[in-house]
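Q: need a structure here:
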Amino acid sequence: MTHAKSCPCKNCKSAKPPLWWIDFTAEKQVIVKDGITETFEATEARAVRAFAEGIQADIDKVIEEVSRKLSASIRAGDTVTQRQLEEVQAALKASQKKLIDDLANTAKPYAQTIAEAGFDQGASLVAGAAGLPPGGPNDPLGGLLSGKASEFVVEATNRAAIRMARSVSESLAERVANIIRVGIEETATGTDVIGLLEEAGFDENRAQTIARTESARAYTDGQNAAWEASGVVKGKTWLVSPYACEFCEAAAKEFGEKSVGVKDAFYERGSTITGASGATMALDFDDTSGPPLHPNCRCSLLPVIDYEGPDE
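A: Purely as a prediction, here's the structure:
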């Protein structure tokens, strides 16, 4: 991904975002959970690291099982046939449901932490826009920060966990499909293909990229849940990051002022975004209900409030 401006990667750590942007993101957020107070950045980093480790462990089990089935069906030095490679693909497909279930269970505690943070931030933005203190007697959320909030956070968490699992599973399936294609084209031996399969697992960087991207989606889910629960948010707009790439800038150009409904997507699955350079990006994974638009995207959302204040 080529960024039009500086990005928050390790090479651009010294970049300081403008205050207008920080005010509407997680950058200033403080998380209090289980008696522990820490910044959102620290909470997210811990969740991403733990989830990435879980991704690696779950995938290693699947790769080990698929490799074992392949090695049991052919001799190591024999050239792998089309049929045997199709059997590898079938074995992977058969294991995908369990993999998705395992990954979703792995993701849930971390998705919940991030979704809760997104919910709290979303609620604060609503109260702030209405000129009311969160949780106060005239709070438009009417106490949702305690009781009813859990219902919406659970829904957001479940969606986020399944999406995390699907993202990892589909990425693994794509990697294995490429290995099978190469095996066929290069008339690989059983030993060759097993070696390639063992490398199909995710390294730490790849796992953390997926975990961080899905963490951002869980945060957006939490915000959307809070706005849906409030009953006073009629829409949402795209707040572009100061680090934005041309595709995020295109999203902001289209939806920076024009809002979509809280439950609606900015882009449906299968849509294509065209950047200022003419380059295109396909959104083929899921509907885009908010950032991230791509891995490491730092854009955010703003609620559009329909609130006239408490009756006198």
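Q: quick check, Val304 in a strand?
A: Yes: if the criterion is DSSP: H, G, I helix; E, B strand; the rest coil, then Val304 is within a strand.
Q: What residues does the spatially closest residue to it that is not a sequence neighbour make contact with?
A: Closest residue to Val304 apart from its sequence neighbours, by CB to CB, 6 or more residues apart in numbering: Gly235 at 3.9 Å. (C-beta placed from N, C-alpha, C; glycine too.) Gly235 makes contact with Ser259, Val260, Gly261, Val262, Pro303, Val304 under the criterion CB atoms under 8 Å, 6 or more residues apart in numbering.
Q: Give the next helix or strand downstream of the host helix or strand of Gly235.
A: Secondary structure from DSSP states H and E places Gly235 in strand 233-239. Past strand 233-239, heading to the C-terminal end, the next element that is a helix or strand (DSSP H and E) is helix 246-255.
Q: if we can go back for a sec, buried ones among the contacts of Gly235?
A: Using 16 or more other CB atoms under 10 Å as the burial test, the contacts of Gly235 include Ser259, Val260, Val262, Pro303, Val304 as buried.
Q: out of these, who's nearest Gly190?
A: Val260 (51.6 Å; CB to CB).
Q: related to what we said a few turns ago, quick check: pLDDT value at the residue nearest to Val304.
A: The predicted local distance difference test score for Gly235 is 94.
Q: Please shift the residue numbers so they start at 550 in all later answers.
A: That works, and once the first residue is 550, the last one we named lands at Gly784.
Q: rewinding a little: which two of the buried ones among the contacts of Gly784 have the greatest separation?
A: Based on CB to CB, the longest span within these runs between Val809 and Pro852 and measures 11.7 Å.
Q: hey, what's in contact with both of these two?
A: Any residue near both Val809 and Pro852 by CB under 8 Å, 6+ apart counts here, and that gives Gly784, Lys785.
Q: Could I get the buried ones among the contacts of Gly784 in a markdown table, plus columns for distance to Tyr768 and pLDDT?
A: Output for these, formatted as a markdown table (distance: CB to CB, whole Å; pLDDT from 0 to 100):
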| residue | distance to Tyr768 | pLDDT |
| --- | --- | --- |
| Ser808 | 19 | 95 |
| Val809 | 18 | 96 |
| Val811 | 15 | 92 |
| Pro852 | 14 | 92 |
| Val853 | 19 | 92 |
